[in-house]
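[1] Sequence below, structure please.
(2 chains)
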There are 2 protein chains.
Amino acid sequence: MIVRDRKDILGTEREVKGDGWTSRRLLLKKDGMGFSFHETIIPAKAELRLWYKNHLEAVYCVAGNGTIEDLASGETHQIHDGVIYALNNNDRHILRGGTEDMRLICAFNPPVTGRETHDSEGSYELIEEE
Amino acid sequence: MIVRDRKDILGTEREVKGDGWTSRRLLLKKDGMGFSFHETIIPAKAELRLWYKNHLEAVYCVAGNGTIEDLASGETHQIHDGVIYALNNNDRHILRGGTEDMRLICAFNPPVTGRETHDSEGSYELIEEE
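    Predicted structure coming up:
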């Protein structure tokens, strides 16, 4: 059994910050669950263009608000506490912060190793590790 | 892209209630993510003896409090906002509600189909479906 407290992750290599996002990597590939599990904070008014070509991602909002624009359909969906979106088709999208910081709980399949960075397309590369 | 609002799940077959728990099944096997994704509410003072022999489960607390007892080690861990536990060894455990209802965000691998019930050992059987 793994038990981990977010307070012990803050400021370590498991907390990664970029322009418009902070992600706490609660479970990574090496934890052996077959998915990775993250808490991501999107500040109000942030805008992120993302395309996880190599990963399926589910994102559940538990606080704050924002929107997601599906670049295939052109539709924009409201995000608030209780809304989940799942990128089951590696969907290209724009995530926008709203009027309050969004707290998002995320799972990735295949699991993120922790060594990925967003590339110029907003994607994570696939990394193999032992 | 799948977008789902919890308010549209409440009271449907995706909201399942048992003795000491309520689970909203936000993503199931048929959603094709390779994991299932759930929001589970454990009322204050509830006690659940669980053993997911066939599934790995990660559980992240975003509100409320309680404890988890690891029946292999005998250790009890406090659960509160920001604590994750991962049953990476199909760990037998007792989950106990605390002084406030716990709001838990959970992922299962392999994904739950939605037709499982807890058996007498607190396990979910494995169900194959097309």
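
[2] So which bits of chain A are right by chain B?
    A:1-7, A:26-27, A:31-35, A:37, A:39, A:56, A:58, A:60, A:62-63, A:68, A:70, A:72-73, A:77, A:82-89, A:91, A:93, A:103, A:105, A:107, A:109 (CB under 8 Å from any CB of the partner chain). Bear in mind the C-beta positions are built from the backbone N, C-alpha and C, glycine included.

[3] If we use 7 Å, what do you get?
    When proximity is defined as CB under 7 Å from any CB of the partner chain, chain A approaches chain B at A:1-7, A:26-27, A:31-35, A:37, A:56, A:58, A:60, A:62, A:70, A:77, A:82-89, A:91, A:105, A:107, A:109.

[4] quick one: secondary structure of A:Lys7?
    Of the three states, A:Lys7 takes helix according to DSSP: H, G, I helix; E, B strand; the rest coil.

[5] I'd say it and B:Gly82 touch.
    Yes. In this structure, A:Lys7 is within contact of B:Gly82 by CB atoms under 7 Å, at 6.4 Å.

[6] Tell me which of the two has more neighbours.
    Using other CB atoms under 10 Å in any protein chain shown, the more surrounded residue of A:Lys7 and B:Gly82 is B:Gly82, with 18 against 9.

[7] which of the residues of chain A next to chain B are buried?
    Buried members of the residues of chain A next to chain B, scored by 16 or more other CB atoms under 10 Å in any protein chain shown, are A:1-2, A:4-6, A:26-27, A:31, A:33-35, A:37, A:56, A:58, A:60, A:62, A:70, A:77, A:82-88, A:91, A:105, A:107, A:109.

[8] Sort out for me which of those are in helices.
    Using DSSP state H, no member of these falls in helices.

[9] Among those residues, which are located in strands?
    Secondary structure assignment (DSSP state E) places A:2, A:4-5, A:26-27, A:37, A:56, A:58, A:60, A:62, A:70, A:77, A:83-87, A:105, A:107, A:109 from these within strands.

[10] got the contact list for the closest residue to A:Leu71 other than its chain neighbours?
    Among residues not flanking A:Leu71 along the chain, A:Arg92 sits closest, at 4.2 Å (CB to CB, 6 or more residues apart in numbering or on different chains). Listed by CB atoms under 7 Å, 6 or more residues apart in numbering or on different chains, the contact partners of A:Arg92 are A:51, A:71-72.
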